[in-house]
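>>> sequence? don't have it. structure:
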Ligand SMILES: [Zn+2]
């Protein structure tokens, strides 16, 4: 019989039971004498001292974490200075093994090339004494649209892994590629590295981001611990560098490090140290092979000759924009610094804007408290080869309650050929219509800036214009 049934059959059962319990609790008792089979004076024998909680593994602590896309992306002349003469610990994350592109040393391609380049990268970093080198799950994706690389890299997985490695290495500073669409190489993998580094900078200290990484194991010496036991970590500064053709927009945005300076400890220029480091990337003609030739008395390796010019993304510890990367860095932790995050942009009426990576970056910068990056490139730009295809995504926003028709026309420079773009577009109320405008660039004798301007009209009124400047005759990736 269950107790409830007993109460129901005899209503006196419950009061009697409670009274009995109270009487037992209130009855005077004699405590066992100290040391006579009970608790001894001064403590409880069954409670033992707990072992110390292990601190984060100091072997992996980094001062500078470099997050780049490919082997040979690492800014070697600066890293030589930081490692040899500022005695800083450096770790590196490569987004891909560099499994695309040609093999300047042999016939290996694709996955085999990636296996070789990953080893070359480890050897190159080892010349600087850097042994903590990781690779994300990305695959080399030649192009200029960051959104394509974020897709092929499996963005979520790559971000989770980057957050994990920040929590493991607990860096003071992150160095990465600039997430801005520039005229130049503008490699979409470079920009994906910059996007993921930016996101991870803002997430690694967030205890709700990838919480499985920071959940303590039940028994750290046991098996089957399926949570990771790391701790949140907020890096203090993030700096960017760019692969743009022009560097005017970088001036004054961060520190510049000359590669010609001589290392006081190594008695060689940082250029020379970078050449020796880069010579390990032998499958890459424009870096490893060029560096090897420079070591053999050939032409100088130009990439290592250039100064390393940085853009300060943000600092949580003050300091000046152009001061040293490590300026203001003190040992210890800083609190998690939440950023604004995504906020929908209020819009009214009918409007047009560049879509794809351009539209995405405007949102990214704002969400991550990096709005100053918006001012770096005043007019959107791109670089393409002679006669090469150019694709320009345009968004038509109708934020009215009526369906509208929007006419797009484009003023093209001489020699350009239009395939799509101009037309009359029906746009439903509160709809965004994605237009893909496509062209072939003109051929020019030398690189020159040309401007494409689109005009959007509705009901005879101009509702918006867009200008994109294009650097012609520029070798580089397909746009
Ligand atoms: Zn690269």
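Structure's in. What do you need? A quick note: this is a predicted structure, and the numbers were derived from the prediction, not measured.
>>> what's the closest non-adjacent residue to the residue of the chain found nearest the ion?
Nearest residue of the chain to the ion (Cβ to the ion) works out as residue 70 at 3.6 Å. Any C-beta I mention is one placed from the backbone N, CA and C, and that applies to glycine too. Using Cβ to Cβ, 6 or more residues apart in numbering and skipping residues adjacent in sequence, the residue nearest residue 70 is residue 98, 4.2 Å away.
>>> next, the one you found: phi, psi?
phi 80, psi 40 (degrees, to the nearest 10).
>>> what's around it, how many residues?
27 (other Cβ atoms under 10 Å).
>>> who touches it in this structure?
70-72, 113-114, 117-118, 121, 140, 283-284 (Cβ atoms under 8 Å, 6 or more residues apart in numbering).
>>> can you do 6 Å?
70-71, 117, 140 (Cβ atoms under 6 Å, 6 or more residues apart in numbering).
>>> same thing with residue 347?
Applying Cβ under 6 Å, 6+ apart, the residues near residue 347 are 397, 399.
>>> and it, its phi and psi?
phi -130, psi 150.
>>> count the neighbours of the closest residue to residue 82 other than its chain neighbours for me.
Distances taken as Cβ to Cβ, 6+ apart place residue 88 nearest to residue 82, at 4.4 Å, with adjacent residues excluded. Using other Cβ under 10 Å, residue 88 has 18 neighbouring residues.
>>> wait, doesn't residue 88 sit right on residue 79?
No. In this structure, residue 88 is not within contact of residue 79 by Cβ atoms under 6 Å, at 8.9 Å.
>>> kindly list the longest helix within the chain.
helix 110-127 (DSSP state H).
>>> what is that one packed up against?
strand 133-135 (3 or more Cβ pairs under 6 Å, 6 or more residues apart in numbering; DSSP states H and E).
>>> so which elements touch whichever helix or strand comes after the strand it packs on?
Going down the chain from strand 133-135, the next helix or strand is helix 146-152, by DSSP states H and E. For helix 146-152, the elements it packs on are helix 188-203, judged by 3+ Cβ pairs under 6 Å, 6+ apart.
>>> so what strands line up beside the next helix or strand after the helix it packs on?
As assigned by DSSP H and E, the chain's next helix or strand after helix 188-203 is strand 237-241. According to DSSP bridges, strand 237-241 forms sheet pairs with strand 173-177 (parallel), strand 311-315 (antiparallel).
>>> how much space between the residue lying closest to residue 299 once chain neighbours are set aside and residue 103?
Nearest residue to residue 299 in three dimensions, chain neighbours excluded: residue 293, at 6.5 Å (Cβ to Cβ, 6+ apart). Separation of residue 293 from residue 103 (Cβ to Cβ, to the nearest Å): 17 Å.
>>> and residue 295, by the same measure?
Counting by Cβ to Cβ, the gap from residue 295 to residue 103 is 20 Å.
>>> same check on residue 144?
According to Cβ to Cβ, residue 144 stands 23 Å off from residue 103.
>>> which of the two has more neighbours?
Ranked by neighbour count (other Cβ under 10 Å), residue 144 and residue 103 place residue 144 first, with 26 against 17.
>>> which outside residues touch stretch 176-195?
Contacts of stretch 176-195 (Cβ under 6 Å, 6+ apart): 67-69, 95, 141, 143-146, 148-150, 153, 197, 240, 242-245, 311, 357-358, 373, 376, 381-383, 471, 476.
>>> whoops, stretch 138-150 was the one
95-96, 98-100, 152-153, 158, 186, 188-189, 191-192, 357, 477-479.
>>> stretch 74-89 now?
Here stretch 74-89 has contacts from 62-64, 66, 68, 90, 128, 241, 257, 259, 263-266, 270, 273-274, 277-278, 304, 308, using Cβ under 6 Å, 6+ apart.
>>> apply 7 Å and report the result again.
Applying Cβ atoms under 7 Å, 6 or more residues apart in numbering, the set of residues contacting stretch 74-89 from outside is 61-64, 66, 68, 90, 92, 128-129, 175, 241, 257, 259, 263-266, 270-271, 273-274, 277-278, 304, 308, 326.
>>> among those, the buried ones, what's the ChimeraX command?
Of the contacts of stretch 74-89, the buried ones can be selected in ChimeraX as follows, counting by 16 or more other Cβ atoms under 10 Å:
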select :62,63,64,66,68,90,92,128,175,241,257,259,263,266,270,271,273,274,277,278,304,308,326
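>>> where along the stretch 1-150 of the chain do the helices fall?
3-9, 13-26, 76-80, 110-127, 146-152 (DSSP state H, counting those that start in this stretch).
>>> distance between the fourth one and the chain's centre?
Going by Cα atoms, centre = their mean, to the nearest Å, the spacing between the C-alpha centre of helix 110-127 and its chain's C-alpha centre is 21 Å.
>>> circling back: okay, now the residue of the chain closest to the ion: neighbour count?
Neighbours around residue 70, by other Cβ under 10 Å: 26.
>>> spit out the contact partners of it.
94, 96, 98, 140, 189.
>>> buried ones among those?
By 16+ other Cβ under 10 Å, the contacts of residue 70 give 94, 96, 98, 140, 189 as buried.
>>> what residues does this protein put near the ion?
Contacts of the chain with the ion, taken as Cβ under 5 Å from the ion, map to 69-70, 73.
>>> one more pass at 6 Å, please.
69-70, 73, 187, 190 (Cβ under 6 Å from the ion).
>>> quick one: buried residues of the helix or strand hosting residue 454?
Residue 454 is part of strand 449-458 when elements are defined by DSSP H and E. Residues of strand 449-458 classed as buried: 450, 452, 454-458 (neighbour count, 16+ other Cβ under 10 Å).
>>> then stretch 136-154?
Buried, per 16+ other Cβ under 10 Å, within stretch 136-154: 136, 138-141, 143-150, 152-153.
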